[in-house]
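Trainee: structure for this input, please:
(2 chains)
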Amino acid sequence: TQLLEQSPQFLSIQEGENLTVYCNSSSVFSSLQWYRQEPGEGPVLLVTVVTGGEVKKLKRLTFQFGDARKDSSLHITAAQPGDTGLYLCAGAGRGNKLVFGAGTILRVKS
Amino acid sequence: DTEVTQTPKHLVMGMTNKKSLKCEQHMGHRAMYWYKQKAKKPPELMFVYSYEKLSINESVPSRFSPECPNSSLLNLHLHALQPEDSALYLCASSADRGPTSYGYTFGSGTRLTVV
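Mentor: Next comes the predicted model:
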């Protein structure tokens, strides 16, 4: 069974602080995606990383895919209250199934 | 149109009721999915339809019955549910079967409460 371990589970920070969320596995994934979900809504795709070592930037968010395609990180610079939500990493696993991490609940206080 | 539309947004049903959840997309995606999500947990895969055929059933109880009438529509028929089935039910679609570089597009979900 392919598993994605996501950490931390909860993060409560002040506006303006930086943070990093990690997603790790012992399995190789062909691609890895990050989603953000607000209460009462569905997950929204932020980015897909495909190549080992790939770095993608989306405004204040930086996504990195590990060289071996087993891990990924999401770094947010100068967090804003609007960044509050559930962040999910998800890997393209065997059988073309999407394997989700447990999620990180982020709360940014103003 | 880059959306997945789910109806209803909220549903309360008794354990003896029969109801249906609906999902629609007009992006030309050929794979559609049903997920179940409990509060503050990741989505759990229930069913996958690929080119209108059921390709994956994750050992879901028979009280949940999926249907794909055409390439744009996906239904989930509910019958004799239990209170523990209360959850957010998410529909998603992708350009082809499985997570590709294009990712999944999720709907806003149906918040189901079984009483």
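Trainee: which stretches of the chain have low pLDDT?
Mentor: Just going to use chain A. Low-confidence segments of chain A (pLDDT under 70): A:95-96.
Trainee: please go with chain B instead
Mentor: Low-confidence segments of chain B, defined by pLDDT under 70: B:1-2, B:97-102.
Trainee: pick out the residue closest to the middle of it.
Mentor: Nearest residue to the geometric centre of chain B (Cα atoms, centre = their mean): B:W34, 2.9 Å.
Trainee: count the neighbours of A:A78 for me.
Mentor: 11 (other Cβ atoms under 10 Å in any protein chain shown). Placement of C-beta: from N, CA and C, glycine included.
Trainee: pretty sure it is touching A:N18, no?
Mentor: Yes: counting by Cβ atoms under 8 Å, A:N18 is a contact partner of A:A78 at 6.9 Å.
Trainee: hmm, back to that, so the residue nearest to the centre of chain B bridges to which residues?
Mentor: B:F47, B:C91 (DSSP bridges).
Trainee: right, and B:S50 touches B:R30 too?
Mentor: Yes: checked against Cβ under 8 Å, the pair B:S50 and B:R30 is within contact range at 6.6 Å.
Trainee: state which strand of chain A is the longest.
Mentor: Ranked by number of residues, the top strand in chain A under DSSP state E is strand A:85-92.
Trainee: partner strands of it and their direction?
Mentor: Partners of strand A:85-92 in its sheet, by DSSP bridges: strand A:32-37 (antiparallel), strand A:98-100 (antiparallel), strand A:104-109 (antiparallel).
Trainee: pull the distance from the second one to the chain's centre.
Mentor: Once both centres are worked out by Cα atoms, centre = their mean, to the nearest Å, strand A:98-100 turns out to sit 12 Å from its chain's centre.
Trainee: quick revisit: could you dump the strands paired with strand A:85-92 into TSV and include distance to A:T62 and mean neighbour count?
Mentor: Shown next, in TSV, are these (distance: least, Cβ to Cβ, whole Å; neighbours: other Cβ atoms under 10 Å in any protein chain shown):
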stretch	distance to A:T62	mean neighbour count
strand A:32-37	11	24
strand A:98-100	21	24
strand A:104-109	15	17
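Trainee: which one of the ones you listed lies closest to B:Q6?
Mentor: Ranking the strands paired with strand A:85-92 by proximity to B:Q6 (Cβ to Cβ) places strand A:32-37 first, at 14.4 Å.
Trainee: now stretch A:99-108: how far from the chain's centre is it?
Mentor: On Cα atoms, centre = their mean, the centre of stretch A:99-108 falls 7 Å from that of its chain.
Trainee: what about that stretch, how long is it end to end?
Mentor: From its first residue to its last, stretch A:99-108 covers 27 Å (Cα to Cα, to the nearest Å).
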